[in-house]
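S.K.: sequence plus predicted model, see below.
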Number of protein chains: 4
Amino acid sequence: MSAQLQTAVVGATGYAGFELARILGRHPRLAKPLLFSREPGNSIDLTDYYPHVLGNGQLRVHAFDWQKLSDSKVDLLFLATPHETSREWAPEALKRGMRVIDLSGAWRLKQETHRAIYGFHDADAALASTVSGKAVYGLPELRSKQISGSTLIANPGCYATSVIVGLAPLVAAGVINRSAGIVCDSKSGVSGAGKQPTSTTHFVEVADNLSAYGVFTHRHLGEILEQLNLQDDELTFTPHLLPIPRGILSTIYVRLEQAMTPVEIESIYSKFYAGKPWVRLFGTKLPQIRYSLHTNYCDVGFNLSPDGKRLVIVSCLDNLMKGAAGQAVQNMNVMFGFDEKDGLN
Amino acid sequence: MSAQLQTAVVGATGYAGFELARILGRHPRLAKPLLFSREPGNSIDLTDYYPHVLGNGQLRVHAFDWQKLSDSKVDLLFLATPHETSREWAPEALKRGMRVIDLSGAWRLKQETHRAIYGFHDADAALASTVSGKAVYGLPELRSKQISGSTLIANPGCYATSVIVGLAPLVAAGVINRSAGIVCDSKSGVSGAGKQPTSTTHFVEVADNLSAYGVFTHRHLGEILEQLNLQDDELTFTPHLLPIPRGILSTIYVRLEQAMTPVEIESIYSKFYAGKPWVRLFGTKLPQIRYSLHTNYCDVGFNLSPDGKRLVIVSCLDNLMKGAAGQAVQNMNVMFGFDEKDGLN
Amino acid sequence: MSAQLQTAVVGATGYAGFELARILGRHPRLAKPLLFSREPGNSIDLTDYYPHVLGNGQLRVHAFDWQKLSDSKVDLLFLATPHETSREWAPEALKRGMRVIDLSGAWRLKQETHRAIYGFHDADAALASTVSGKAVYGLPELRSKQISGSTLIANPGCYATSVIVGLAPLVAAGVINRSAGIVCDSKSGVSGAGKQPTSTTHFVEVADNLSAYGVFTHRHLGEILEQLNLQDDELTFTPHLLPIPRGILSTIYVRLEQAMTPVEIESIYSKFYAGKPWVRLFGTKLPQIRYSLHTNYCDVGFNLSPDGKRLVIVSCLDNLMKGAAGQAVQNMNVMFGFDEKDGLN
Amino acid sequence: MSAQLQTAVVGATGYAGFELARILGRHPRLAKPLLFSREPGNSIDLTDYYPHVLGNGQLRVHAFDWQKLSDSKVDLLFLATPHETSREWAPEALKRGMRVIDLSGAWRLKQETHRAIYGFHDADAALASTVSGKAVYGLPELRSKQISGSTLIANPGCYATSVIVGLAPLVAAGVINRSAGIVCDSKSGVSGAGKQPTSTTHFVEVADNLSAYGVFTHRHLGEILEQLNLQDDELTFTPHLLPIPRGILSTIYVRLEQAMTPVEIESIYSKFYAGKPWVRLFGTKLPQIRYSLHTNYCDVGFNLSPDGKRLVIVSCLDNLMKGAAGQAVQNMNVMFGFDEKDGLN
């Protein structure tokens, strides 16, 4: 592309939106991004919210305004907005000729049974259905071709990314004993719960603690099942809230159809992720959360039982990077034919 | 007393109120305390808020109700309520014949210039003024006689307690060069900011961080000045927010009128706090926050400069215990002639 | 018993040993405990290591000395020592007529295949074998009768306790589909790794992090298998290191032989633990680590899948209490016919 | 310079040395840096210590070897080594024609009374004295001219940097009432204590805690006094250990010679630091530790008392960046005429 791409971010004051604004601001292929907040009112200086961007130039966040988007000829709109907002604004943006990468859960799920948990009330159900049909689940390691031709990307959930990246090669290789069931025990830092202060994110409730939540009911479960083509009872997923600001570690347990060697497992992963710059394979060493913090990597390692029939996979990522903003930029890179690593180093 | 004392706590779902409920529930001289929440509505089970009290018997928290207090013949009312509420309810409780220990800042300050920062709007200013005149600042190490005869105790602020306990013996001994100024650099855990979720108490904002706030303007400054009889420009107090759930450490800097020895300093402290069970003197060893956690101790240690003219005092306490609920119980013990340690071990 | 029991603790400067010394010092049925360190040398003041016990009376820790034990007519010896030391000293203590509660892994495992991981080199293999035969696995919820008659208690591992308490009722009831495999995903605070500074326990390595370790190889796995009578391939256990000082949460995944209801599951647990004061059942609410901190409770809750065939159990405890020192005292209470709660409230 | 500069780092496996290796590896004006460990033995892969650098290319750390330095024509040697090692190796490196930036305390102090605290035993005292005379204290905001002509830079201490940057403009302006004394209350994250595991850096000892240490005796005190030309009794400095991995916040208290306005104070700072890219002035807003984490900024803000005579300055930095490795690179940039920001964004 000769001209630089014009992007915009809605929700730039939230954790993921801010991270996104920061990455886009340094991306070599882009014009300076436009930043918006959903709230009406006057424009604000992002340094009031995030003083640590001081020195990187003033960053104005504007009250959201369709006209301003048109005037600036925005090519690509990032929505770091609540599910309901994305459900309403993505179709409108598409109608106005923009491409959209949506970081919410609004467009991730294809099956009505899975989507029900969000309880969407679409003003125009037919339109929503059509748009949903066009949406591509934006996990570049699995769907780079579809992403490059897409106008609407549903950026994956943070937990879902860690689990799907850990499991996809094994599912594709058909080595898992699915009838024994897969267990995904995931642990996330608090920024995954968003910037809104609640009793759940109060320091005193989180510190020195660990808690499980959303067992059998978490919204990311549907994504995992759909992307891996698993039946409901084939996978159990339990998220936990860790007393750390950011990072996810998923411990994944599978039984194999037959005994295998570490070399065979390693080979399945390395073939599947050949040429994928943002999956880092640790073999039989296990990644830790801090290794991937502030990077766009999803780190994967595993241990095999002595009899070669049980496999424990550990998958780590930074929930605001590969789990949100970083992956959104990666999707943009694939969409527009940039290098998949641009802006992410 | 032959019969057991009947107590009640308003604000039992907050951090300090809950701690208080827990201590009172095990206090050997008390009937089972009545627990109230300020909010109207049905009574709630405290274990819904604090499941870790499960197994200690069901604890009901009732919507606040003056009639219920009268019916139960409450002798002593603890108010763990916002300043404005305490300002209104303490006079009413006194009128109804109860004694009151108030954990808020409503009645701590005698001087109008210091009190202005709270911006109280009293419906009956004359009554408020009369009540204020009766209120005793409840630091038992300084005012045990006044406390025992009092009907209204203003339970000290957490920061103020740590600073006053650290400084009072030296001020009384007249060894401080006050014209050079005293510096109190205090650091507190997050529970001091209360249970209400705000952006200030959000885990992600607090973790891996330290911040100063309220420099020259914190509400506890007035208490410190009044209790130590210092002029405004003789003491500078800066609070900081620590990434820990509870605990306060104050580092206090004074210049001495003339060179002294550690033994002399130690002697000043040990004489002043002779017979005081809740001040623990470390001499020239320095206390750390964790030593006093979950206890009612205020720990004090110091270091003296080689030339004997500069003194650094370190004072630590648990902001929910000696800094709030524990000290309230200590005040009750003094008020009613119990052993000062009752219920606090 | 008319006279008070004389106890002694070896290893009183470690985390579990110190916790034990603290509990024993307040236990209503005991004489003041004797405290020992393994290290030779002069006796030390425990307050040098743990200044927060200041005010509870001076606590001397003596260099270990068999003669001193005899002179003091010690009835019960607690060993909070390394595995190898316990392997050597427990037989000697038994020979000298003391009863022993050992907090190490020295005597927990009956099967040679499981015990191999410790690599014990017993000077007198025959004696070790005999002693091992007498040792009772001290989980009072499972073996109170054997414990009361025992002379040597192998106090369970912290992880093992959380897993066994969570699973035992279901295994006993025969409702688990064992061929599908059980998954135990456990997370522990850092005190479980002991007081010795290592790169693993360095603050900078642990903070803001989570890591899995010892997959398929952790020493507590054998205990779990033996106590639940499971085959090696029926249970997968993965421990993780949490950035918190203390506490364990185990998330346990089982598939049921047939669909069940929450009421049925709850009934299995409540019957199994009827009259057991230190297991707290949360039903379908899930316990969190902080609920059981500084208590001797093991908290258990569960969630059942909508089809009633998959069960997720969450089990929490304080690794230094129910996971070590508290359980040791509970074992002593059972051994000597005290109330199981004595000294633990 | 036409050819790229060849650098080497000794101590690349420590926290500061690793951070330095990471920055140098991306610096646009440098050849690939050589990395050394002090320990003899085979070369190691840095990713064994820091797996999170995986994907940035293999980084070999060699056992230290003068010959290897010569063979590679190293222009500039960074020593991230213990004080004693730097005291010995810096003169040798100078003799061999290299320029040196030393991150230890070996060459920072000019006055024998201050240096005594290190207890150096120089094999060749005359040489050490000569070399010491040449060493420039590398705080680029104060001494850029001397740095650019220097062959040996003593990279400042982390605490000292935060204090000196906060105070230097005021001292230079002569507005401080020095006879009343300056108080510097500093708080640091644990990485400042180094990578060696000790009881001081054990997670369980640090978490949920705060402690003061080294009062009147910390090694950085001498640097502060010398650089600001203060007498011993004019400044009191107390460091504290924070339960966070990295970052320093210094709260600095001064009394002014006469009443001033915030605008006057702000003007003193902005003139002093005009054109200095790595000091970020916050005016009367106060910086927090997290703002400067992972950057080379020293952030400075202040609050003035209502009467304009007392000033509280807050100064924050990342102890591994502006407090160590980042500042070392900044010094290199000044030394070799690069842009002061090169490699640090």
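M.R.: Alright, I've got the coordinates.
S.K.: which residue packs closest to A:Ser132, ignoring adjacent ones?
M.R.: Closest residue to A:Ser132 in three dimensions, ignoring its sequence neighbours and counting by CB to CB, 6 or more residues apart in numbering or on different chains: A:Trp107, at 6.0 Å. For glycine as for every other residue, the C-beta is placed from the backbone atoms N, C-alpha and C.
S.K.: so what's the residue count around the one you found?
M.R.: A:Trp107 has 28 neighbouring residues, counting by other CB atoms under 10 Å in any protein chain shown.
S.K.: so what does it have for phi and psi?
M.R.: phi -120, psi 20 (degrees, to the nearest 10).
S.K.: how close does the residue of chain A positioned farthest from its centre get to C:Tyr118?
M.R.: Distance from the C-alpha centroid of chain A peaks at A:Asp307, with 35.0 Å (CA atoms, centre = their mean). Using CB to CB, to the nearest Å, one gets 22 Å for the distance from A:Asp307 to C:Tyr118.
S.K.: residues contacting A:Asn155?
M.R.: Applying CB atoms under 8 Å, 6 or more residues apart in numbering or on different chains, one finds that A:Asn155 lies in contact with A:Ile101, A:Asp102, A:Leu103, A:Gly138, A:Ala324, A:Gln327, A:Ala328, A:Asn331.
S.K.: now do A:Val10
M.R.: Residues in contact with A:Val10 (CB under 8 Å, 6+ apart) are A:Gly17, A:Phe36, A:Ser37, A:Arg38, A:Phe64, A:Leu77, A:Phe78, A:Leu79, A:Ala80, A:Thr81, A:Thr85, A:Trp89.
S.K.: please name the bridge partners of it.
M.R.: For A:Val10, the beta-bridge partners under DSSP bridges are A:Phe36, A:Leu79.
S.K.: chain neighbours aside, what residue packs nearest to A:His27?
M.R.: If you skip the residues right next to it in sequence, A:His27 has A:Gly343 as its closest partner in space, 3.3 Å away by CB to CB, 6+ apart.
S.K.: tell me which helix or strand comes right after the strand or helix carrying A:Val183.
M.R.: Under the criterion DSSP states H and E, the helix or strand holding A:Val183 is strand A:182-188. Using DSSP H and E, the helix or strand that directly follows strand A:182-188 along the chain is helix A:203-206.
S.K.: re the thing from before, pLDDT check: weakest of the contacts of A:Val10?
M.R.: Among the contacts of A:Val10, A:Arg38 carries the lowest pLDDT, at 88.
S.K.: quick one, what contacts the residue lying closest to that one once chain neighbours are set aside?
M.R.: Of all residues not flanking A:Arg38 in the chain, A:Phe64 sits nearest, at 5.6 Å (CB to CB, 6+ apart). When contacts are counted by CB under 8 Å, 6+ apart, A:Phe64 touches A:Val10, A:Phe36, A:Ser37, A:Arg38, A:Glu39, A:Pro40.
S.K.: also A:Lys271?
M.R.: Applying CB under 8 Å, 6+ apart to A:Lys271 gives the contacts A:Pro169.
S.K.: and it, which of the three is it?
M.R.: Under DSSP: H, G, I helix; E, B strand; the rest coil, A:Lys271 falls in the helix class.
S.K.: check which residues of stretch A:88-105 are buried.
M.R.: By neighbour count on 16 or more other CB atoms under 10 Å in any protein chain shown, the buried set for stretch A:88-105 is A:88-91, A:93-94, A:98-105.
S.K.: ranking by neighbours, what's the top pick from the contacts of A:Phe64?
M.R.: When neighbours are counted by other CB under 10 Å, A:Phe36 leads the contacts of A:Phe64 with 28 neighbours.
S.K.: just the contacts of A:Phe64 now: which is nearest B:Gly157?
M.R.: For these, the minimum distance to B:Gly157 (CB to CB) is 35.6 Å, reached by A:Glu39.
S.K.: how near is that closest one to A:Gly194?
M.R.: Applying CB to CB to A:Glu39 and A:Gly194 gives a distance of 15 Å.
S.K.: output the lowest-mean-pLDDT helix or strand in chain A as PDB - backbone C-alpha positions only.
M.R.: Across the helices and strands of chain A, mean pLDDT, DSSP states H and E gives its lowest value to helix A:46-49, namely a mean of 71. What follows is the C-alpha trace of helix A:46-49 in PDB, where atoms were taken according to Å, rounded to 0.1, in the frame of the first residue of the first chain:
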ATOM      1  CA  LEU A  46      -5.000  10.200  27.500                       C
ATOM      2  CA  THR A  47      -2.100  11.200  29.800                       C
ATOM      3  CA  ASP A  48      -4.700  12.100  32.400                       C
ATOM      4  CA  TYR A  49      -5.500   8.400  32.500                       C
END
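S.K.: helices or strands up against the longest helix seen in chain A?
M.R.: Criterion DSSP state H: the longest helix present in chain A is helix A:158-173. Contact analysis of helix A:158-173 by 3 or more CB pairs under 8 Å, 6 or more residues apart in numbering or on different chains; DSSP states H and E lists helix A:140-148, strand A:182-188, helix A:220-228, strand A:235-241, strand A:248-255, helix A:262-272, strand A:298-304, strand A:310-317 as its packing neighbours.
S.K.: can you do 7 Å?
M.R.: Judged by 3 or more CB pairs under 7 Å, 6 or more residues apart in numbering or on different chains; DSSP states H and E, helix A:158-173 is in contact with strand A:182-188, helix A:220-228, strand A:248-255, helix A:262-272, strand A:298-304, strand A:310-317.
S.K.: turn the ones you listed into TSV, columns for distance to B:Leu241.
M.R.: Shown next, in TSV, are those (distance: least, CB to CB, whole Å):
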stretch	distance to B:Leu241
strand A:182-188	24
helix A:220-228	33
strand A:248-255	27
helix A:262-272	44
strand A:298-304	33
strand A:310-317	30
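S.K.: per-domain residue ranges of chain A.
M.R.: By the assignment in automatic domain parsing, chain A contains the domains A:7-155+A:324-335, A:158-317.
S.K.: picking that back up, from A:Arg87, how far out is the residue nearest to A:Ser132?
M.R.: Here the distance between A:Trp107 and A:Arg87 works out to 8 Å (CB to CB).
S.K.: can you give me how far stretch A:29-41 is from the chain middle?
M.R.: The chain centroid and the centroid of stretch A:29-41 are separated by 20 Å under CA atoms, centre = their mean, to the nearest Å.
S.K.: er, stretch A:206-217 actually
M.R.: Its chain's C-alpha centre lies 20 Å from the corresponding centre of stretch A:206-217 when counted by CA atoms, centre = their mean.
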